[in-house]
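Chemist: Next comes the sequence, and after it the predicted model I'd like to discuss.
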Amino acid sequence: MNRVQSLARRVSAPRSAKLGALGAAVAIAAATGLTAAASAAATPHAAQTFSFALKPSPGIAACLPNARGRVTITTGALNDTMKVTVQGMPPHAGFDLFVIQQPNKPFGLSWYQSDLNADEDGQGSATVRGIFDAETFTVSPGGTATVPPTHQFHLGLWFNNPNTPFKLGCEPGATTPVVTPFNGEQHAGIQALNTAQFPVNAGPLSHVHR
């Protein structure tokens, strides 16, 4: 090895060592960053729950004195889970669940959520996933209807068959069943349960936050 080659080797060796150390540091930092990101992504959402009652709609307590329901909303990272249970209903009766703007007539904007069927003991339940919290709203910028952003914070449960409440005497003075649009065929009965114990503009869904 001549003098020039020896000098070049002594100069390049420390530089290579420094570059190697720098590369290792970059790799460690990148790995640490990825680990932190993966850890953050894996951190589960802290679920919150909020429960409230469904109360008999006007006139229902007289014909179904034990009718009542319970709702539990569990928040999630992207949406919410809402479980609805009912008791004291007519055996084998069908119902339709809506998120509504106002608990009683005229109800305002209403969004069909699920069917719910009572068993032979008048009990039933349904579980729905969606946005059921303080961010629940409807909007239509245009088209067949124009609706500004409007929150819907209440729930309502309707008899699926108009004849059911009529035969139970839930419609005093009526000579024929009252028909409402609150099912998939727009041929439902009257409302059975709602959340009128909450203020009109501050329904139970407004108390749920993700």
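Modeler: Ah, there it is. Quick caveat: nothing in here was measured; it's all calculated off a predicted structure.
Chemist: give the contact list for the closest residue to Phe159 other than its chain neighbours.
Modeler: Once flanking residues are discounted, Phe159 sits nearest to Gly189: 3.2 Å by C-beta to C-beta, 6 or more residues apart in numbering. For every residue, glycine as well, the C-beta is placed using N, CA and C. By C-beta atoms under 8 Å, 6 or more residues apart in numbering, Gly189 lies in contact with 158-166, 177-180.
Chemist: Would you map the strands across the chain?
Modeler: 49-56, 68-75, 80-87, 94-100, 110-117, 124-130, 137-140, 147-151, 154-159, 191-194 (DSSP state E).
Chemist: and stretch 191-199, what's its mean pLDDT?
Modeler: In this model, stretch 191-199 carries a mean pLDDT of 98.
Chemist: Now do the buried residues in it.
Modeler: Residues of stretch 191-199 classed as buried: 191-196, 198 (neighbour count, 16 or more other C-beta atoms under 10 Å).
Chemist: nearest to Asp119, of the residues you listed?
Modeler: Nearest to Asp119 among the buried residues of stretch 191-199, counting by C-beta to C-beta, is Ala192 at 15.8 Å.
Chemist: how does the chain divide into domains?
Modeler: 1-43, 49-207 (automatic domain parsing).
Chemist: How far off centre is the longest one?
Modeler: Same thing as domain 49-207. 14 Å (C-alpha atoms, centre = their mean, to the nearest Å).
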